[in-house]
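Undergrad: Fold the following for me, if possible:
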Amino acid sequence: MAKKNIQLGGYALSEIIRRVRRTADLSQRELAKYADVSSSTIGDIEAGSATPSLAVLQRILNAANYQLVVVDASGRLVLPLQVWDEVADLAGRRFPAHLDTIADPVPGDWWGDTYGLARPPETFWRDRKRRDYERQLSRWQVRVAKMRNEPMPQPPFEWPPYWRRPGRPPRTADSA
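TA: Model (predicted):
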């Protein structure tokens, strides 16, 4: 049987399982017993001739007191996205995960404001430049402005009129 050489985090899964088993000081049979899989499954995974399902991989790792986690590029643990049941569109669907939900939007937060449409209880910004700017501004307001005295992030060039929020003057990229 040909080796599959499955990679996990840039390392061969077979070698990760061998390391896990070694540090837990378990034989293949013992690890298989605690993970509720056959010892041949452990042997096949370590030989690189089998790839476990995610559920089996989690059982193997848990049997040796390890966890499978997701980390970002800088090594920080990625936590699940919190979803509130009451935050949904008028058809009961959740908002897209990549968009920041705006609860209780004010005039200018929703694209339909320019057309005089009734504002929904929650919405999000579709424009990527606006989303990126609002995220930078939020980070600056919470962290940087209070500790490092760095200048306020500059908004994108040529804001459409519906970007102007009450209490926030229209800004251009060259204004300070």
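Undergrad: Let's test this: mean pLDDT of stretch 24-34, rounded?
TA: Mean pLDDT, stretch 24-34: 95.
Undergrad: Tell me the gap between that stretch and the middle of its chain.
TA: Stretch 24-34 has its C-alpha centroid displaced from the chain centroid by 33 Å (CA atoms, centre = their mean, to the nearest Å).
Undergrad: Check stretch 116-134 too.
TA: For stretch 116-134, the distance to the chain centre is 20 Å (CA atoms, centre = their mean).
Undergrad: Please point out which parts of it sit buried.
TA: By neighbour count on 16 or more other CB atoms under 10 Å, the buried set for stretch 116-134 is 122-125, 130, 133-134. Yep, even glycine has a C-beta here, placed from its N, CA and C like the rest.
Undergrad: any idea how far the residue nearest in space to the middle of the chain is from residue 71?
TA: For the chain, residue 78 is the residue whose C-alpha lies nearest the centre (CA atoms, centre = their mean; 6.1 Å). Remark: distance between residue 78 and residue 71 (CB to CB, to the nearest Å) = 6 Å.
Undergrad: Ok, residue 121 next?
TA: Applying CB to CB to residue 121 and residue 71 gives a distance of 35 Å.
Undergrad: quick one: low-confidence parts of this structure?
TA: 1-4, 144-148, 157-176 (pLDDT under 70).
Undergrad: any chance you could map the helices in it?
TA: Counting by DSSP state H, one finds helices in the chain at the ranges 13-24, 28-35, 39-47, 54-63, 128-139, 145-147.
Undergrad: What is the neighbour count of residue 63?
TA: Residue 63: 21 surrounding residues under other CB atoms under 10 Å.
Undergrad: What distance do you get for it to residue 29?
TA: Residue 63 sits 12 Å away from residue 29, going by CB to CB.
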